[in-house]
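Engineer: pasting a predicted model and its sequence here:
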Amino acid sequence: MPIGGKILEAIDEAIRLRDKVLLILSEHSIRSGWVEDEASKAFEEEQKRGQIVLFPLRIDDAVMDTGEAWATKLRARRHIGDFRNWKDHDGYKTSFERVLRDLKRSASTDE
């Protein structure tokens, strides 16, 4: 994005142009207004397309513990991929393979 570019417009465009959005959820991202905007835009895009766009992944327990309204809504609507063991090679590999499998599965059901 160029210096001075409009961030919200860039986020909207990026989500519209992508088949899937991986949303990494952490203590820091839960508190971010930008991440909240991205999740909202991805949900809007799902409504337009009639298919799943947003794939949430957590790297800690913040999304499960927070009272943030958008995160509570996300918890209620979606199974959130578990990457809490991302520092462990085998745990990371297992979680990553599951994400790849689910992304492929979703792509084949979208066609």
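Structural biologist: Thanks, I have it.

Engineer: all strands for this protein, in order.
Structural biologist: Ranges of strands in the chain, per DSSP state E, are 21-25, 54-58, 81-82.

Engineer: export these to a markdown table and tack on mean pLDDT, mean neighbour count and distance to R75?
Structural biologist: In short, each C-beta sits where N, CA and C put it, glycine included. Formatted as a markdown table, these follow (pLDDT from 0 to 100; neighbours: other CB atoms under 10 Å; distance: least, CB to CB, whole Å):
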| stretch | mean pLDDT | mean neighbour count | distance to R75 |
| --- | --- | --- | --- |
| strand 21-25 | 95 | 18 | 10 |
| strand 54-58 | 95 | 20 | 9 |
| strand 81-82 | 93 | 17 | 13 |
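
Engineer: I'd like the ones you listed as TSV, with distance to S40 appended.
Structural biologist: Formatted as TSV, those follow (distance: least, CB to CB, whole Å):
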stretch	distance to S40
strand 21-25	11
strand 54-58	10
strand 81-82	19
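
Engineer: pLDDT averaged over the helix of greatest length in the chain, what's the number?
Structural biologist: For the chain, the helix with the greatest residue count under DSSP state H is helix 89-110. For helix 89-110, mean pLDDT is 86.

Engineer: buried residues, that helix. List them.
Structural biologist: Residues of helix 89-110 classed as buried: S95 (neighbour count, 16 or more other CB atoms under 10 Å).

Engineer: relative to strand 54-58, how tilted is it?
Structural biologist: 170 degrees (axes from the mean of the first three to the mean of the last three CA atoms, to 10 degrees).

Engineer: for helix 89-110, what is the distance to the chain centroid?
Structural biologist: Helix 89-110 sits 14 Å away from the centroid of its parent chain (CA atoms, centre = their mean, to the nearest Å).

Engineer: show residues contacting it.
Structural biologist: Helix 89-110 is contacted by residues 19-20, 22, 51-52, 55, 57, 81-83, 85-86 when judged by CB atoms under 8 Å, 6 or more residues apart in numbering.

Engineer: pull that helix out as PDB, backbone CA atoms only.
Structural biologist: Output of helix 89-110 as PDB, limited to C-alpha atoms (Å, rounded to 0.1, in the frame of the first residue of the first chain):
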ATOM      1  CA  HIS A  89       7.400 -28.300  15.700                       C
ATOM      2  CA  ASP A  90       5.100 -31.300  15.700                       C
ATOM      3  CA  GLY A  91       2.100 -29.300  17.100                       C
ATOM      4  CA  TYR A  92       2.600 -26.600  14.500                       C
ATOM      5  CA  LYS A  93       2.900 -29.200  11.700                       C
ATOM      6  CA  THR A  94      -0.300 -30.900  12.800                       C
ATOM      7  CA  SER A  95      -2.300 -27.700  13.000                       C
ATOM      8  CA  PHE A  96      -0.900 -26.400   9.700                       C
ATOM      9  CA  GLU A  97      -1.800 -29.600   7.900                       C
ATOM     10  CA  ARG A  98      -5.400 -29.300   9.200                       C
ATOM     11  CA  VAL A  99      -5.700 -25.800   8.000                       C
ATOM     12  CA  LEU A 100      -4.500 -26.800   4.500                       C
ATOM     13  CA  ARG A 101      -6.900 -29.700   4.500                       C
ATOM     14  CA  ASP A 102      -9.800 -27.500   5.500                       C
ATOM     15  CA  LEU A 103      -8.900 -24.700   3.000                       C
ATOM     16  CA  LYS A 104      -8.800 -27.300   0.200                       C
ATOM     17  CA  ARG A 105     -12.100 -28.800   1.400                       C
ATOM     18  CA  SER A 106     -13.700 -25.400   1.500                       C
ATOM     19  CA  ALA A 107     -12.400 -24.500  -2.000                       C
ATOM     20  CA  SER A 108     -13.900 -27.700  -3.500                       C
ATOM     21  CA  THR A 109     -17.300 -27.100  -1.900                       C
ATOM     22  CA  ASP A 110     -17.300 -23.500  -3.100                       C
END
